[in-house]
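Asker: Show me the folded form of this:
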Amino acid sequence: EDLSRHDKWLCMMYPRLKLLKQLLADDGVIAIHIDENACTLLHALMVEIFGAANDLGTIVWDKKNPKGDARKLSYQHENIILFCNNGFHENKRLRRLKKNAPAMLKKAAALFAKIGKTQTPDDLKAAVKKYGLPKEILDSFKFKADLEWVNQEFQKWLAKQDFSNGEKAYKFIDKNGNIFQTVSMAWPNKEEAPSEYFYSLIHPITRKICPLPERGWRNPWETMQNLLENDEVVFGIDESTQPRSKYLLSENLSENIPSILRFGGSDDALQKSIGIKLENPKPHEFATELLSYLTDENSVVLDSFAGSGTTAHAVLNLNRKDGCSRRFVCVELMDYAEETSAERIRRVINGYGSKAETQLGTGGGFAFYRVGDALFDAEHNLNPAAPVAAVRRYIAYTEGLPVSALPECERQPENQKQPENPVSPYFLGVNNGTGYLFHYEPDRATDLSFDFLKTIHLETLPEKPERWVVYADRTLLSDEQMKQLGIIFKRIPRDISKL
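Answerer: Residues are numbered from 1 along each chain as shown. Coordinates of the predicted model:
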């Protein structure tokens, strides 16, 4: 039967998403870019695999550029579907740092530092300079900055910035130089608050009672007293205004991630600067921003459809900006993986272009691997065509042997000459008092026998292992003999009748 294009795509995606769920950390997040053609189908697939409870929502990425070849609606957005594993709900939330908070804090500190110092209006200074007027004209306009002037200047500056409404709400500066916004202290629920939430607040200047919220205050009197003592209650100019609570920007540097993200840039300039032709790359600046929302300082980011390497570029950029140690794993099946994807990452690391911020590079490093022969066949037996060194490394990995526990000869890259193993050609290493032997030959069956054990040069080990795990095709020792020698036998998974 000839399936439709979407059916074929879903058949391709289903096993990959099942595997990605297994690879995803218990508290991890998966983000998938998808356009309007398959968004609904993909979301249904994600619900089936990850569960509806793990649906974190869908981000609409407004690309600010409608498709020009559309015959129906002209879409100018993509969707980013977010799901998580069960552990995410225990101690994590989707949050992002307020993007412009650092600039706001810097500006407020600069203005606050001018309190008590003589100032001259900036527009007058500009006029004197522009028309060549004598500077003495400014003397009669000089004044000493106070907190009121600081707030006026800060709000003028804030109004000119392309910040979010949530950021612009933090438009006040208090007597300690803190940026803050005010929020209601009224009881938030529809039902009336308990009686202890009804009490009077006295205006500090007029000494008269301020308006009481209809359903009561948000906090009981004990909490309100603490807020008053810590200067966290903001009164109006007189008692006619209902007091509000002070929220400091410095204590609220993160915010919820909105469902709409607007970014209309492209990577055309990057392609020209880096000197590599990239096929339909996602803007790396947008990818960097998105990863800053979804990763921690030591996250491992897996991109199973790496394309031109945008995800790796974003991880490297993010690490350079915040000094963290995220890592990336990128998978690409197309033949441009090394010439385009890997080469782009190399240039990002080492530096490219004419701008100072890109010439220095991000630093870091990565390794490029090609997928070799499968270690196991369809019947779960070892593939005799697989390189012996790769099989040995796999066995060491499954046994939990860290690289530091391996003998020196096992740590060398495959393309380098391997030094002789002084203990045995089949020795894998020692970990936590256990020695590991992988007695394997691709073209013949192997035995765990006394003759084999005599070939092990225990004298070359700094400390004799307390017990052994030995892999072979069969054992010629009895259970009692292996128990006395401290040996655990593991049969190599293959059909020796075919050897």
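Asker: can I get the CA coordinates of the lowest-mean-pLDDT helix or strand in the chain in CSV?
Answerer: Least confident helix or strand, the chain: helix 356-359 with a mean of 83, by mean pLDDT, DSSP states H and E. The C-alpha trace of helix 356-359 is given here as CSV (Å, rounded to 0.1, in the frame of the first residue of the first chain):
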residue,chain,number,x,y,z
ALA,A,356,36.0,41.1,16.8
GLU,A,357,33.3,39.1,18.6
THR,A,358,33.5,36.3,15.9
GLN,A,359,37.2,36.5,15.1
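Asker: buried ones in it?
Answerer: Going by neighbour count (16 or more other C-beta atoms under 10 Å), the buried part of helix 356-359 is Thr358. To be clear about C-beta, it is placed using only N, CA and C from the backbone, and glycine gets the same treatment.
Asker: In the stretch 51-200 of the chain, mark out all the helices, start to finish.
Answerer: 88-91, 101-112, 122-131, 147-159, 165-168 (DSSP state H, counting those that start in this stretch).
Asker: so can I have TSV of those helices showing distance to Thr311 and mean neighbour count?
Answerer: Formatted as TSV, those follow (distance: least, C-beta to C-beta, whole Å; neighbours: other C-beta atoms under 10 Å):
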stretch	distance to Thr311	mean neighbour count
helix 88-91	20	12
helix 101-112	25	17
helix 122-131	45	11
helix 147-159	35	15
helix 165-168	28	14
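Asker: Compare those and give me the one nearest Leu278.
Answerer: Taking C-beta to C-beta, helix 101-112 is the member of these nearest to Leu278, at 30.9 Å.
Asker: For that closest one, give the mean pLDDT please.
Answerer: Averaging pLDDT along helix 101-112 yields 97.
Asker: Check which helices and strands that helix is in contact with.
Answerer: helix 147-159, strand 172-173, strand 179-184 (3 or more C-beta pairs under 8 Å, 6 or more residues apart in numbering; DSSP states H and E).
Asker: CA atoms only for that helix, dumped as PDB, please.
Answerer: Extracted in PDB, the C-alpha atoms of helix 101-112 (Å, rounded to 0.1, in the frame of the first residue of the first chain):
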ATOM      1  CA  ALA A 101      17.100  43.500  33.200                       C
ATOM      2  CA  PRO A 102      21.000  44.000  33.100                       C
ATOM      3  CA  ALA A 103      20.600  47.200  31.000                       C
ATOM      4  CA  MET A 104      17.900  48.500  33.400                       C
ATOM      5  CA  LEU A 105      19.900  47.800  36.500                       C
ATOM      6  CA  LYS A 106      23.000  49.500  34.900                       C
ATOM      7  CA  LYS A 107      21.000  52.600  33.900                       C
ATOM      8  CA  ALA A 108      19.300  52.900  37.300                       C
ATOM      9  CA  ALA A 109      22.700  52.700  39.100                       C
ATOM     10  CA  ALA A 110      24.200  55.400  36.900                       C
ATOM     11  CA  LEU A 111      21.300  57.800  37.600                       C
ATOM     12  CA  PHE A 112      21.100  57.000  41.300                       C
END
